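1. Give me a 3D structure for the following:
(one chain, ligands or ions: 1)
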Amino acid sequence: MQLPVPAPGPDAAVAFVREHLADLACDTPAASRSFRGGQTAADAALAALDVTGYAGRRNQVLPESRRGASRMSPYIRYQLVGLPALWDHVADAPANDRRKYRDELTWQEFTRHLYARFGRDGEPALREELRAHPPSPPEPWDEPWPRDMACMDATLEELHTDGWLVNQTRMWLASQWTVRAGARWRDGEEAFFTHLLDGSRAANRLNWQWTTGAGNGKAYAFSRWQVQKRAPSLCRGCALRDACPVASWPADERTTRAPISDLLRGDPDPAVTAGPESSPSGEVDAVWLTAESLGDADPALAAHPDVPAVFCFDEPLLRRLTLSGKRLVFLAETLADLATRRPVEIHRGRVADELAGRRLAVTFAPVPGFRRRAAELEPAVVHPYPWLFRPRAGRMQSFTAWRKGMPAQPDR
Ligand SMILES: Cc1cc2nc3c(=O)[nH]c(=O)nc-3n(C[C@H](O)[C@H](O)[C@H](O)COP(=O)(O)OP(=O)(O)OC[C@H]3O[C@@H](n4cnc5c(N)ncnc54)[C@H](O)[C@@H]3O)c2cc1C
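-> The predicted structure follows:
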């Protein structure tokens with residue numbers, strides 16, 4: 001089913017989602033309080049980005065004015081800003097901040113590589129523990145994120161209204177959920193994925209695994225200590241300040257070993273994982289846009305400026321995911337913004353049905369869902385994914401091992 005293209009701006013995007021996609025959302029669709037979707041918003045955020053002080057303040061939570069986080073992740077998620085562009089943008093930042101910021105961009109790339117490698121056969125990836133089973137607390141909690149703890153309440157509120165959190169509070173929530181409360185990390189990962197505007201299976205699953213000890217065997221322990229250090233006002237105003245349930249460190253943080261996949265040791269065919277290396281030529285009559293790449297610099301969009309861009313809200317997938325309306329509004333804003341520069345078609349349905357019979361150009365996406373849909377649609381032209389570092393065959397047991405196998409500077 002083809003849908004109308006909304007006018008630019010959050011109000012039209014909210015109205016569009018409420019009219020056409022509300023049955024697929026888990027809440028009443030509304031816009032994120034803090035983030036606007038679209039290339040125009042992403043360009044403005046990039047132009048304003050100054051990472052001076054980032055290394056010292058990236059973990060600060062409150063007051064908000066002291067945060068060092070760059071807040072670029074929703075734009076990075078949809079390739080409205082690419083990792084190579086950010087790498088270049090911070091070239092003149094103070095050395096320590098530049099190094100730290102580029103390290104974090106490299107973590108993002110690491111998660112993409114792992115997800116691509118484990119999802120290379122088109123099957124769901126990284127749902128199993130990579131190296132260890134997280135710790136089990138002696139007494140599981142009835143409610144993993146109790147709202148009477150001010151640190152839980154404030155961070156969940158931010159997640160639900162903004163669709164975004166700083167890295168530090170993501171770690172608190174993940175550790176509290178699994179290491180403290182004994183809940184399944186995959187359920188927590190889903191709860192994040194529902195709301196995060198930047199929610200990606202690669203970064204979300206990997207970070208849940210790393211925080212809970214599944215990724216490297218060492219769990220991150222959450223306690224009042226971090227809240228007092230990073231957001232002291234939360235403890236001061238907490239109803240439980242004299243009976244804090246996380247006043248001391250967790251009783252037991254031991255993980256137990258899990259079987260290790262051979263894919264962590266090496267990739268038998270990195271070319272399959274990485275996708276095409278160069279852009280072929282070919283006649284096409286539309287560019288198929290995926291949620292993995294919605295920016296103006298998308299290689300397929302850039303190579304075929306005269307054909308419409310077609311995006312399909314994947315009904316079976318969205319029905320299963322039941323995302324927050326904020327994510328759908330962000331996407332609608334992004335498509336509406338693109339439509340101010342070139343023809344855009346928006347569909348809702350099964351992707352392979354909605355786009356059947358068209359000669360499509362698309363940018364390769366290193367995720368299992370793309371492989372499955374592309375196998376059905378057989379695009380005429382598949383453009384390379386804009387990797388920061390092209391995936392190689394080497395070890396991925398740890399970030400450090402993987403980084404050693406990558407060049408010092410991004411591949412161009
Ligand atoms: C439990 C948990 C779940 C997470 N889920 C996601 C997710 O779904 N999507 C996502 O993009 N990030 C996720 N992260 C990583 C990180 O928290 C966010 O990328 C970051 O908070 C986004 O805010 P920012 O752009 O201001 O980050 P900054 O600190 O300004 O960093 C700049 C960029 O570096 C990258 N980056 C920073 N830290 C990490 C990291 N630990 N792993 C991967 N990339 C990183 C991101 O692309 C980020 O936008 C998660 C972290 C945890 C602990």
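
2. Got phi/psi on residue 311?
-> Torsion angles at residue 311 (phi, psi; degrees, to the nearest 10) stand at phi -120, psi 140.

3. Now do it, the pLDDT please.
-> Residue 311 carries a pLDDT value of 98.

4. tally of neighbours for it?
-> 26 (other Cβ atoms under 10 Å). All C-beta spots, glycine's among them, are computed from the backbone N, C-alpha and C.

5. Might one say that it is in contact with residue 287?
-> No. Applying Cβ atoms under 8 Å, one finds residue 311 not in contact with residue 287, separated by 9.5 Å.

6. intersection of neighbour lists for these two?
-> Common neighbours of residue 311 and residue 287, counting by Cβ atoms under 8 Å, 6 or more residues apart in numbering, are absent.

7. Now do the SS call for residue 15.
-> With DSSP: H, G, I helix; E, B strand; the rest coil as the basis, residue 15 sits in helix.

8. ignore the last one, residue 347
-> strand.

9. how close does it sit to the ligand?
-> As for residue 347, its distance to the ligand is 26 Å (criterion: Cβ to the nearest ligand atom, to the nearest Å).

10. so what's that residue up against?
-> Under the criterion of Cβ under 8 Å, 6+ apart, the neighbours of residue 347 are 1-3, 310-313, 354-355.

11. What's the PyMOL syntax to select whichever of those are buried?
-> A single PyMOL command selects the buried members of the contacts of residue 347 (16 or more other Cβ atoms under 10 Å):
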select buried, resi 3+310+311+312+313+354+355
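
12. what mean pLDDT does the helix or strand in which residue 47 is found have?
-> Element membership of residue 47, judged by DSSP states H and E, is helix 39-48. Taken as a whole, helix 39-48 has a mean pLDDT of 98.

13. what's the answer for stretch 162-177, then?
-> Average pLDDT, stretch 162-177: 98.

14. and if you look at stretch 135-150?
-> For stretch 135-150, the per-residue pLDDT averages 96.

15. Same check on stretch 324-332?
-> When pLDDT is averaged along stretch 324-332, the result is 98.

16. That one and the ligand in contact?
-> No. Stretch 324-332 lies out of reach of the ligand by Cβ under 6 Å from any ligand atom, never closer than 11.1 Å.

17. and residue 344, what is it in contact with?
-> 5, 308-311, 335, 338.

18. same thing but 7 Å
-> 5, 308-309, 311, 335, 338 (Cβ atoms under 7 Å, 6 or more residues apart in numbering).

19. just residue 301 next, same as before
-> By Cβ under 7 Å, 6+ apart, the contact list for residue 301 reads 287, 309.

20. Could you tell me how far residue 146 is located from the ligand?
-> Applying Cβ to the nearest ligand atom to residue 146 and the ligand gives a distance of 18 Å.

21. Could you give the number of residues near the residue nearest to that residue when sequence neighbours are not counted?
-> Leaving aside its chain neighbours, residue 146 sits nearest to residue 152 (5.8 Å; criterion: Cβ to Cβ, 6 or more residues apart in numbering). Around residue 152 sit 23 other residues, with neighbours defined as other Cβ under 10 Å.

22. part of a strand, is residue 152?
-> No. Read with three-state DSSP, residue 152 is helix and lies in no strand.

23. name the element the residue in the chain sticking out farthest from the centre belongs to?
-> Residue farthest from the centre of the chain, counting by Cα atoms, centre = their mean, is residue 242 at 36.6 Å. Per DSSP H and E: residue 242 is located in neither a helix nor a strand.

24. Tell me who's in contact with it.
-> Contacts of residue 242 by Cβ under 7 Å, 6+ apart: none found.

25. Quick check: phi and psi at it.
-> With angles defined as degrees, to the nearest 10, residue 242 sits at phi -100, psi 0.

26. could you measure it against residue 152, distance?
-> When distance is defined by Cβ to Cβ, to the nearest Å, residue 242 is 17 Å away from residue 152.

27. so where's the stretch 201-350 of the chain shaky on pLDDT?
-> Counting by pLDDT under 70, the stretch 201-350 of the chain shows no low-confidence range.

28. quick one: the strands in it?
-> With strands called from DSSP state E, counting those that start in this stretch, the stretch 201-350 of the chain shows them at 256-257, 286-289, 309-314, 344-349.

29. Return the list of strands paired to the third one, each annotated with direction.
-> So the one you mean is strand 309-314. Strand pairing for strand 309-314, using DSSP bridges, gives strand 286-289 (parallel), strand 344-349 (parallel).

30. distance between that strand and the chain's centre?
-> Chain-centre distance of strand 309-314: 19 Å, with Cα atoms, centre = their mean, to the nearest Å.

31. can you list the residues that contact it?
-> Applying Cβ under 7 Å, 6+ apart, the contact partners of strand 309-314 are 21, 286-289, 301, 335, 338, 342, 344-349, 351, 354-355.

32. Residue 361: what's it in contact with?
-> Counting by Cβ under 7 Å, 6+ apart, residue 361 has contacts 284, 287, 300, 303-304, 379-381, 383.

33. Relative to residue 12, which of the residues you listed is nearest.
-> Ranked by distance to residue 12 (Cβ to Cβ), the contacts of residue 361 are led by residue 287 at 22.9 Å.
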